[in-house]
Structure formats: C-alpha cells, structure tokens
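J.: Below is the sequence, then the predicted model.
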Amino acid sequence: MKPSVRAAMFATYAIFGLNGLVFASWAARIPAASNTLGLGSGQTGTLLLIGAIGSVLSLPLAGLAAARFGTGNTVRLGGTAAGLAAVAVALGLVTVSVPVVAVGLFLFGSGIALWDVGQNIEGADVERRVGRTIMPRFHAAFSGGAFVGALIGAGLSALDIPLSTHLVAVAVLSLAVSLWTPRYFLPDTAGGGAEDGTVPRRSRGRGLGAWGEPRTLLIGLVVLGAALTEGAANDWVAKATVDGLGTTESTGAVMFAVFVAAMTALRFVGGPLIDRFGRVRVLQAGLGSSLAGLVLFVVAPSVPLAAAGAILWGAGAALGFPMGMSAAADDPDHAAARVSVVSTIGYTAFLAGPPLLGFLGDVVGIRTALLAVGVAVLASFLVAPVARERTAYSPEALRTDPDRIA
C-alpha cells in the first residue's frame, strides 16, 4: 500500500471516529436535554425533526460540494458547522430557550450531513485503492467514536456535569480535528492533477441525474431500513430504557452504549464476512438479526433482556449502511453523485424517522412505537439483492486489475 493511501486510510478512520463521538455526545444525553427544556416525547421529537430537516436539506448538495471543492473541504465545512452548532445548543440549554436549541440543531444537522457525505466518498475511494472491503471498518470507527461519546455522556450524567459544558468541549474538539485531519486525504485529481489537464477525480459524474437511476434508488431503499433502525436506536434507546423500564438516565446512556458496542464489533469484523459471503447474504442476515433484536428490546421485562435485544439489534444494524455506500460507489466515475443520493435517502430515514416515532410514542409509548421500524427493515430485506457487487469493481477485480482504479 502506498504511503499516501495509508495516510488517507488512517485520516479517514479519524474523521469517521470523530463524527461518531460528536453525534453521540448529543444523542446519548437527549433525556437530559428534554428534562432541562421540560419537553415530552412528542415535543422532543419535534425538536429532533428540526435537526433532521437541516440534514435532509443539505444532503443533496453535499455530493455537489464534494465534487466541486473536494472531500477534505466538505468535511472541514461540516465539522465547522457542527462545532458552532454545539455551542448554540449549549447556549440554548443554559438560557432554557427552545428556539435557540432548535436553531443549533438545524445547523448541527446540516454540518453532520456535509461531513458524512464527504467522509463516505473518501472512504469509498480509499477502499478501491486498498483493494478489499474496508468500508465497514470506517463505519466501525464511527461506531467506536459513538461508543466513547456515549460512555462519556453516561459518566458526565452520573457526575451531574451540565450538558451545556459537555457540548462546548465537543465543539472545540470538532473544530480542531475536522479542520486539520483532511490534509491527509487522497488528492482530488485523477492522474497527474488539474495542472496537466486531467478531470478532477470527484467532479466527473451524473450530478442530480443519479436520482433517475433505478439501481441507485433501490440501494437507497436498502439503506433506508438499515439507517432507520440505527437512527431509531440512536435517538430513542436511552429514553425508551428510562421511560419503559423505569431506570435512571445513566442506565439509559449505558444501554445506548451497549447497542453501539455491538454495532462497532460487527463493523470491525464485517469486511472479511462480506468478501467471503457477498453483500446480499450478509445484508439479509443482518437485517433479520436487527428485527429480532428490536422486538426483544421492546417486549423485554427487565434491563438484562433488553440489553440482549440491544446487542442483536446493534449487531444486525451494523453493516447495512456501509454496504450501501460501497454499492453506490462501485463505479468511481459516478461515486459522488450516487453516494449523495443514497446518503440522502438513508439519512432522511436516519434523522427524520426517529422524530416521527416520538409522535407515535406519545400515543403508545416510545418502546412500542419502535416496532414500526420493523416494516422498513422488512422492505430492505426484500430488495437487498440489488446491492450485489458489480464484477468490474469488486474487491477481487481490483486486486487482479488495479488499473481500474481512477
């Protein structure tokens, strides 16, 4: 492996990990924010929906930004927005101002969207250069960062450290790492660079035309179910544990950490499984496990059984999103546009779905409301074959014919 590719690989790991830590720093302490602002499940859902709107509006533009300005600058822009948003949310919590928190969450959602598309395009490029499936490990870094963020959140909650203080520290870390690390990303030109007339590596593609491709849209549907089950857990596992089982906020944060730990473990070992059994089989096995774990978590009468469900749920949800990103990026010439489309579909479910569950939770309870996720998981299971590897861009083909790599 060339030194530049190795450096880009470790930089991508770092960016994914930081993204997870920043996201979990908010997600693990949603109950604390709800209590500070005096909000119920439906009202909390409305607040989360505002953040989701910020992401959904930014996602279609993120692929264009990455193609025009490069993935490094896209990540820098996203990290800066997320850092400033964390400060705004902290200010809103200190002043007990729901509107200020809402503005902060809108900006936070926008920043995370830009950051996420940029890191996934970079991860797909690095995966092609390496010649084997490593996208799940990048997402494992995200989950690992989220696990650390959840544990930090649980510890700070137990110590009664205000969420506002926590978020300011996260903002400083986000700005420092997201601005510096992308300098090690792969160059944004194919071949010799722009000065010799080559086309920028990520500017080639179909742009918004990728929204008319049936395969890309169906891959988006696969990712939709996987993203919704992951997003529902991120936003509601902690609160569902507190409300449904009558536990403390710190126990809810630990339950979220259990879910994330299971997801992280499967993402670390998932690459070899995908290379051996193929995307389709691994996708269907994971979606089945996710559905079983979700049901067990909802019906469990005790914390240990609910934790067992969270483990199955997290393990099953682990590989759907990274496999969808790899499938969308099979053709490097159109990777930016297709990853943007699939990310938009997936993150619409990931971010907009969970707030809607909050409204349903006001009627039937948030634990029971989570069962609605199973419908999307089943739909993803049925269309999973569309994510099958394309021979020309499979890991084996890249190992035997590295000249395919742009």
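T.: That came through, no problem. Everything numeric in this text was worked out from a predicted model, so none of it was measured.
J.: from what I can see residue 122 touches residue 185, true?
T.: Yes: Residue 122 lies in contact with residue 185 (CB atoms under 8 Å); the separation is 5.5 Å. Where you see a C-beta, it was placed from the backbone N, CA and C, and this is true even at glycine.
J.: any shared contact partners between those two?
T.: 8, 12, 71-72, 75 (CB atoms under 8 Å, 6 or more residues apart in numbering).
J.: out of these, which one sits closest to residue 26?
T.: residue 75 (18.6 Å; CB to CB).
J.: Check which residues of the host helix or strand of that closest one are buried.
T.: Taking DSSP states H and E as the criterion, residue 75 maps to helix 71-94. Within helix 71-94, the residues that qualify as buried are 71-93, counting by 16 or more other CB atoms under 10 Å.
J.: Let's see the pLDDT reported for residue 81.
T.: At residue 81, the model reports a pLDDT of 94.
J.: Check the one 5 residues further on too.
T.: In the predicted model, residue 86 carries a pLDDT score of 91.
J.: got it, and residue 1?
T.: 63.
J.: Just want the angle from the helix or strand that the helix holding residue 75 is followed by to helix 71-94.
T.: Scanning forward in sequence from helix 71-94 by DSSP H and E, the next helix or strand is helix 98-130. Angle of helix 98-130 versus helix 71-94, following axes from the mean of the first three to the mean of the last three CA atoms, to 10 degrees, is 150 degrees.
J.: Use 429 as the first number for this chain going forward.
T.: Happy to do that; since the first residue is 429 now, the last one works out to helix 526-558.
J.: wait, residue 789 sits on residue 470?
T.: Yes: if you go by CB under 8 Å, residue 789 and residue 470 touch, sitting 7.2 Å apart.
J.: out of those two, which sits in the more crowded spot?
T.: Using other CB atoms under 10 Å as the criterion, residue 789 and residue 470 rank with residue 789 on top: 26 against 16.
J.: The more buried one looks like it's in a strand, true?
T.: No: read with DSSP: H, G, I helix; E, B strand; the rest coil, residue 789 is helix and lies in no strand.
J.: So what's the predicted local confidence for it?
T.: 79.
J.: for it, what are its contacts?
T.: By CB under 8 Å, 6+ apart, the residues touching residue 789 are 469-470, 473, 664, 796-797.
J.: ranking the residues you listed by neighbours, who comes first?
T.: Ranked by neighbour count (other CB under 10 Å), those have residue 664 at the top, with 30 neighbours.
J.: And that residue, how close does it get to residue 566?
T.: 25 Å (CB to CB, to the nearest Å).
J.: now swap in residue 513 and tell me
T.: Distance, residue 513 to residue 566, by CB to CB: 23 Å.
J.: for residue 509, same thing?
T.: To residue 566, residue 509 is 21 Å away according to CB to CB.
J.: in the stretch 529-678 of the chain, what spans have low per-residue confidence?
T.: Residues of the stretch 529-678 of the chain that meet the criterion pLDDT under 70 lie in 616-636.
J.: show me where pLDDT drops low in the stretch 679-828 of the chain?
T.: For the stretch 679-828 of the chain, applying pLDDT under 70 flags the ranges 760-761, 779-780, 818-828.
J.: which of the shared contacts of residue 550 and residue 613 lies closest to residue 726?
T.: Checking the shared contacts of residue 550 and residue 613 against residue 726 by CB to CB gives residue 440 as the nearest, at 35.3 Å.
J.: who does the helix holding residue 503 touch, helix- and strand-wise?
T.: Other helices and strands packing on helix 499-522, by 3 or more CB pairs under 8 Å, 6 or more residues apart in numbering; DSSP states H and E, are helix 431-455, helix 458-465, helix 469-497, helix 526-558, helix 591-608.
J.: Repeat the analysis, applying 6 Å as the threshold.
T.: helix 526-558, helix 591-608 (3 or more CB pairs under 6 Å, 6 or more residues apart in numbering; DSSP states H and E).
J.: So which of those helices is nearest residue 453?
T.: Using CB to CB, those put helix 591-608 closest to residue 453, at 4.6 Å.
J.: by contact count, what packs against the closest one?
T.: Under the contact rule (3+ CB pairs under 6 Å, 6+ apart), helix 591-608 is packed against helix 431-455, helix 499-522.
J.: With distance to residue 493 as added columns, please give those in TSV.
T.: Below are the helices and strands packed on helix 591-608 laid out as TSV (distance: least, CB to CB, whole Å):
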stretch	distance to residue 493
helix 431-455	16
helix 499-522	5
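J.: Which of those has the lowest mean pLDDT?
T.: helix 431-455 (a mean of 89).
J.: for it, which positions count as buried?
T.: Buried residues in helix 431-455, counted by 16+ other CB under 10 Å: 436-437, 439-455.
J.: same deal with stretch 478-498?
T.: 478-484, 486-495, 497-498.
J.: same thing with stretch 639-657?
T.: 639, 641, 644-657.
J.: same deal with stretch 584-591?
T.: Across stretch 584-591, burial judged by 16+ other CB under 10 Å covers 584-585, 589-591.
J.: ok, residues contacting the helix holding residue 503?
T.: When contacts are defined by CB atoms under 6 Å, 6 or more residues apart in numbering, helix 499-522 is touched by residues 443, 450, 464, 493-494, 528-529, 532, 535-536, 538-540, 542-543, 546-547, 549-550, 591-592, 595-596, 598-599, 602-603, 606-607, 610, 613.
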